[in-house]
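Below: sequence and its predicted model.
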Amino acid sequence: YGGKILAKAGGGGGGGGGSLSVPADWGVQYMEKVEVSSGANESALRDQNPSTHWQSNGRQGTHFIQVTLREAGVADLSIIIDESDGNYCPHRVRVFAGPTAAALQDLGTINTVTGTTGPKLVTMLKDARGVRVVKVVVEDSGGGCDCKVR
């Protein structure tokens with residue numbers, strides 16, 4: 001997919017196309033563990049650099065990222081996507097969240113494509129208080145088999 005997972009302790013958000021700098025109050029320090037469905041370089045999900053990426057490996061519809069937060073109480077959770085990644089960019093994701101991996105609830109689908117180029121923040125979850133585990137499943141990557149997460 002084209003996105004990096006970021007957690008934010010306070011309110012607010014980011015966005016827009018073009019050059020993207022990650023806001024200082026967003027960080028990976030809130031993440032205890034990051035698991036991916038396949039592929040290599042999942043450490044790129046935690047480096048806050050929009051030019052690096054994790055790339056999945058497998059059939060469309062099987063790709064996911066699951067984040068376990070250090071503690072419940074993170075305000076927002078977002079990914080960075082870049083539509084210039086073409087069919088590697090996630091077009092639609094489904095978000096699941098809960099207090100544990102065994103108690104995830106389906107929060108619905110998010111359409112991530114807006115027609116802008118360049119990296120942008122896409123909020124997966126707002127007001128995540130009480131949530132420790134978030135799973136993002138890529139449902140559609142624009143016809144591509146694998147996906148990149150920035």
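Yep, it's here.

all contacts plus neighbour counts: C-alpha atoms, from now on.
Will do.

the bottom helix or strand of the chain by mean pLDDT?
The helix or strand of the chain with the poorest confidence is strand 5-8; it has a mean of 54 (mean pLDDT, DSSP states H and E).

quick one: residue 97 and residue 109, what's the gap?
12 Å (CA to CA, to the nearest Å).

Compare the two (neighbour count), which wins?
Each of residue 97 and residue 109 has its neighbours counted (other CA atoms under 10 Å); residue 97 has more, 23 against 16.

correct me, but that one touches residue 104?
Yes. At 4.8 Å, residue 97 and residue 104 qualify as touching, with contact defined as CA atoms under 8 Å.

shared neighbours of the two, anything?
Residues touching both residue 97 and residue 104 (CA atoms under 8 Å, 6 or more residues apart in numbering) are 133-134.

number of nearby residues for residue 144?
Neighbours around residue 144, by other CA under 10 Å: 15.

how far away is residue 78 from residue 144?
Going from residue 78 to residue 144 by CA to CA gives 22 Å.

go on, residue 150?
Distance from residue 150 to residue 144, by CA to CA: 16 Å.

same deal with residue 32?
Taken as CA to CA, the span from residue 32 to residue 144 is 30 Å.
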